[in-house]
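Peer 1: Test case, fold it:
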Amino acid sequence: MSTKLKAADIVIVGLGWTGGILAKELADTGLSIVVLERGKPRDTNPDFTYPNVHDELKYAQRHELMQDVSRETLTFRNNSTETALPMRQLGSFLPGEGVGGAGVHWNGVTWRWLPWDHEPEKMTLARYGKSAIPEGMQLQDWGVSYDELEPYYDKFEYLCGVAGKAGNLAGNKIDGGNIFEGSRKRDYPNPPMIHSYAGELFEKAARTLGYHPFPGPSANMSQPYINPDGVAFGSCHYCGYCERFGCEMNAKASPHFTVIPLAAAKKNVEIRTDSRVMKVNLDAAKKRAESVTYLDAAGREFEQPGGLVVLAAYALGNVHLMLLSGIGQPYNPATGTGVVGRNYAYQIGSGANVFFDEKTWMNPFMGAGALSMNIDDFNTGSFDHLKEGFIGGGGISTPSAGGRPIGFRPVPSGTPAWGTDWKRAVVRHYNHTLAIVNQGSVMGYRQNYLDLDPTYRDRYGRPLMRMTFDFQQNEQKQANFIADVCVNIGQAMGGERVARRGAPQRYSIVPYQSTHNTGGAVMGADPTKSALNPFSQTWDVSNVFVTGACSFPQNAGKNPTGPVGALALRTADSIKRYLKNPGPLAPV
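Peer 2: Numbers count the residues shown, from 1 in each chain. Model (predicted):
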C-alpha cells in the first residue's frame, strides 16, 4: 500500500546532467520541485578524495559508480528469432547510479553533433535521393535543427568550461579547429588542453595526408575556470583517472558540483536519494500523469503526486519507465507501428593499434579523459559517404585518456595470453603504443528496438526491458572503410607495426565499448514515428517531458553528452512555456 505524499508542482525522475540542469533551471519559477534519484548522495569531499579515488580495481573494474544489475538489468538478443537473456554483469555500457549519474564518471568529451546528425533524412534526400536509404533503415530528423540548438550548445559549453578551438566561427573556417562543425557564435570558454605526444604524432600524420586535425573538445579544465553561475573549477592534473572515476580536483565538469548544488540551495527544491521510481501513474483516459510511485531504501512504497513529470533518468531507464507506465504506444517491429522502443541505436567501433620502436615514448599514464587529437573528414555529412557504399560516418581520434595499470596492456596479436612472454610483451609495448579509434555512427533500423521482456522480471516484479540489436551491413561497411583510413594514418606516423581493427561481425553486449546508448523515445515532428515532439514533450501525455539520449533518432560518430546537455537546457525553456499555458506545445 502506497503512502500518498503532498503534491508537488514538478516531479523530476533522475539526477544526472539532465535532471540537475532542469532542477536548477526550473527552480526560478518558484514552483515546488521534487527530484527522485535511485542512488545515493555524492560530493567531491569525501567521495572522491585522493588517493582513494584512484582505486582502479574499485572504480574501473568493479564499477563502484555504476548501476547495480542485481537489482535492475535488461535482457538482450541480436534478433527476434533468438531468446533474450538477462545481462548479469555490466559490459558493453556502464549506466551510472547516484547523484550526478553518468555525469560523474564520464570522460568529459563534449561534442556538438554535426548539422547532418540533427537532420539526416532531410540532408540525405537532398544530396543523394531516396534510393540511397537502405531497406529497413529508419532515417529521421529531430524536428530541431543544429542552428536552433546552437545557443543551447553554447550555454552548455560555458556551464562545463569546455576547452577547445573553434573551427567555424560565424561561418568563417579556422585552421586548427574543426572546420566541419556547424557555425558557432563564439569560441570555447577555455583554450585546448596540452597536447600529448601521441596527439602530436597524429596531427602531423593527418596533415601529411591532407586531413584537418584539431584538439578534442574537453570538459577537463585546461586552466582554472569560473562558469557563468559562479562555480569554480580546478585545473586538470593529467592524472588519467577520468572515465569511471570522480575527479578530486573538480577539474572535470560534473553535475554533482555544478548545477545540482545550485538547485538544492533553493527552498522550493527537494532532492530525495535512494528513491527508485517504479512507474508513472496516469489518469483513466491515459492522457495526463497524476503521480509517480517509488520505493525508498527500506523498500517502503510512496506515491508522489505532481502537476508535471520529467523523466531525466539514463536513456534506457527512461524508455523502460515509459513502457511500464503506458506512456505512448509500444513499437511493433512486425508492423512498424508504435513509437516507444523505436530506433534504438548504439555505436560501432574500428581502428588501428600502432606499435613503435623503443625509442618512441608515449608515457600513456599522463592523460585526461577527453584529451585527444581528431579529424572529422570522414564523419557524418563531411564527405561523400554514399560513394563508399554507406550512410553515415565516424570521428577518428587518437585519445590520451590515461594508461592505467590494470586496463591498459597493449600487445601485438600472436602474444601469449599469460605467462612470462606476455609479461615481457606488456613491458615492451606499454610506453610505445597508441590507438587510432573510429567512433562510428549507427542509424535506426526497423529490427533494432526496445520492448518489455515477456519472461524475465526484476526484483521488484516488473518486466525487464528487452534489447534487440545488431550491427547492420551499412555500419559494417562504414567501420571497415574508416579502419583502412586509420591504418593509413598509423603508417604515416612511422609505426613499426600497424594492426588493423575491422568492423565486428555481430554486436556483443559483453565487452565494454561505450556508454552511448541512444533512441527508444525519439523526438520528431511526426507523431507516428516519434515518441516526443520537438520540445521533448510526449505526444500522448502532455504533462510528461523526457530528456536524454533516448530522444536521438539515430546515433552519431560522436559522444552524446553535448547534445544531451543542450537539449536539457532547451527543454527547460519549453517547460517554462508549457507552464504558462499547459497543453501540447507548438512551434512559436
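Peer 1: Next, A568: phi, psi?
Peer 2: Dihedral pair for A568: phi -60, psi -40, per degrees, to the nearest 10.
Peer 1: give me the number of residues near it?
Peer 2: For A568, the count of nearby residues is 26 (other C-beta atoms under 10 Å). Quick note: C-beta positions are derived from backbone N, CA and C, even for glycine.
Peer 1: Next one: it from A219, what distance?
Peer 2: Applying C-beta to C-beta, to the nearest Å, one obtains 15 Å for the distance of A568 from A219.
Peer 1: Dump the C-alpha coordinates for stretch 205-222 into CSV.
Peer 2: Output of stretch 205-222 as CSV, limited to C-alpha atoms (Å, rounded to 0.1, in the frame of the first residue of the first chain):
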residue,chain,number,x,y,z
ALA,A,205,50.5,12.4,-39.9
ALA,A,206,46.9,13.6,-40.6
ARG,A,207,48.1,16.8,-42.1
THR,A,208,50.6,15.0,-44.4
LEU,A,209,47.6,13.0,-45.7
GLY,A,210,45.6,16.2,-46.4
TYR,A,211,43.2,15.9,-43.4
HIS,A,212,42.2,18.5,-40.9
PRO,A,213,43.2,17.6,-37.4
PHE,A,214,42.0,19.5,-34.3
PRO,A,215,42.1,19.0,-30.5
GLY,A,216,39.1,17.3,-29.0
PRO,A,217,36.6,19.5,-27.0
SER,A,218,37.2,18.7,-23.4
ALA,A,219,35.3,19.3,-20.1
ASN,A,220,38.6,18.6,-18.4
MET,A,221,39.8,22.1,-17.5
SER,A,222,42.9,23.3,-19.3
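Peer 1: Report the buried residues of it.
Peer 2: 205-206, 211-222 (16 or more other C-beta atoms under 10 Å).
Peer 1: Off-centre distance for that stretch?
Peer 2: Per C-alpha atoms, centre = their mean, to the nearest Å, the displacement of stretch 205-222 from the mean C-alpha position of its chain is 21 Å.
Peer 1: quick one: average pLDDT of it?
Peer 2: Averaging pLDDT along stretch 205-222 yields 98.
Peer 1: And for stretch 515-529?
Peer 2: Averaged across stretch 515-529, pLDDT comes to 97.
Peer 1: Please apply the same query to stretch 237-246.
Peer 2: Rounded mean pLDDT across stretch 237-246 is 96.
Peer 1: again, but for stretch 162-176
Peer 2: When pLDDT is averaged over stretch 162-176, the result is 97.
Peer 1: for that stretch, the distance to its chain's centre please.
Peer 2: Averaging C-alpha positions (C-alpha atoms, centre = their mean) puts stretch 162-176 23 Å from its chain's average.
Peer 1: Output the longest strand belonging to this structure.
Peer 2: Scanning the chain for the strand with the most residues, using DSSP state E, yields strand 301-311.
Peer 1: And the most far-flung residue of the chain relative to its centre, how far from H429?
Peer 2: Most distant residue from the mean C-alpha position of the chain: T420, 39.3 Å away (C-alpha atoms, centre = their mean). To H429, T420 is 15 Å away according to C-beta to C-beta.
Peer 1: what do you get for H118?
Peer 2: 41 Å.
Peer 1: So H105 sits against Y241, correct?
Peer 2: No: shown here, H105 and Y241 do not form a contact pair, counting by C-beta atoms under 8 Å, at 10.5 Å.
Peer 1: the more surrounded of H118 and H429?
Peer 2: H118 (24 against 20).
Peer 1: Run through who's touching stretch 190-207.
Peer 2: Stretch 190-207 has contacts (C-beta atoms under 8 Å, 6 or more residues apart in numbering) with 161-165, 212-213, 215, 218, 220-223, 225, 236, 238, 361-364, 366-368, 370-373, 375, 397-398, 400, 434, 436, 489-490, 492-494.
Peer 1: Now the buried members of the residues you listed.
Peer 2: Buried by 16+ other C-beta under 10 Å: 161-165, 212-213, 215, 218, 220-222, 225, 236, 238, 362, 364, 366-368, 370-373, 375, 397-398, 400, 434, 436, 489-490, 492-493, out of the contacts of stretch 190-207.
Peer 1: Mind checking which of those residues land in helices?
Peer 2: 489-490, 492 (DSSP state H).
Peer 1: of all these, which comes closest to V309?
Peer 2: Distance to V309, by C-beta to C-beta, is smallest for I489 among these, at 47.7 Å.
Peer 1: what helix or strand is the nearest residue to that closest one once chain neighbours are set aside on?
Peer 2: Residue nearest to I489 in three dimensions, not counting chain neighbours: A205, with 5.1 Å by C-beta to C-beta, 6 or more residues apart in numbering. Counting by DSSP states H and E, the element that carries A205 is helix 197-208.
Peer 1: if we can go back for a sec, between H105 and Y241, who's got more neighbours?
Peer 2: A direct count of neighbours by other C-beta under 10 Å for H105 and Y241 places H105 higher, at 28 against 25.
Peer 1: Ramachandran coordinates for the more buried one?
Peer 2: H105 adopts backbone torsions of phi -100, psi 10, taken as degrees, to the nearest 10.
Peer 1: That one: what's it in contact with?
Peer 2: Residues counted as contacts of H105 (C-beta under 8 Å, 6+ apart) are 59, 65-66, 94, 96, 243-246.
Peer 1: G494 now?
Peer 2: Residues near G494 by C-beta under 8 Å, 6+ apart: 201, 356, 360.
Peer 1: cool, and F552?
Peer 2: Contacts of F552 by C-beta under 8 Å, 6+ apart are 142, 345, 518-519, 522-523, 560, 563.
Peer 1: Could you dump these into TSV and include distance to L5 and secondary structure?
Peer 2: Formatted as TSV, the contacts of F552 follow (distance: C-beta to C-beta, whole Å; DSSP: H, G, I helix; E, B strand; the rest coil):
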residue	distance to L5	secondary structure
W142	36	coil
A345	37	strand
T518	34	strand
G519	33	strand
V522	32	coil
M523	31	strand
P560	34	coil
P563	34	helix
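Peer 1: quick revisit: with the contacts of G494 in mind, which one is nearest to G230?
Peer 2: For these, the nearest to G230 is L201 (39.7 Å; C-beta to C-beta).
Peer 1: Count the neighbours of the closest one for me.
Peer 2: Neighbours around L201, by other C-beta under 10 Å: 24.
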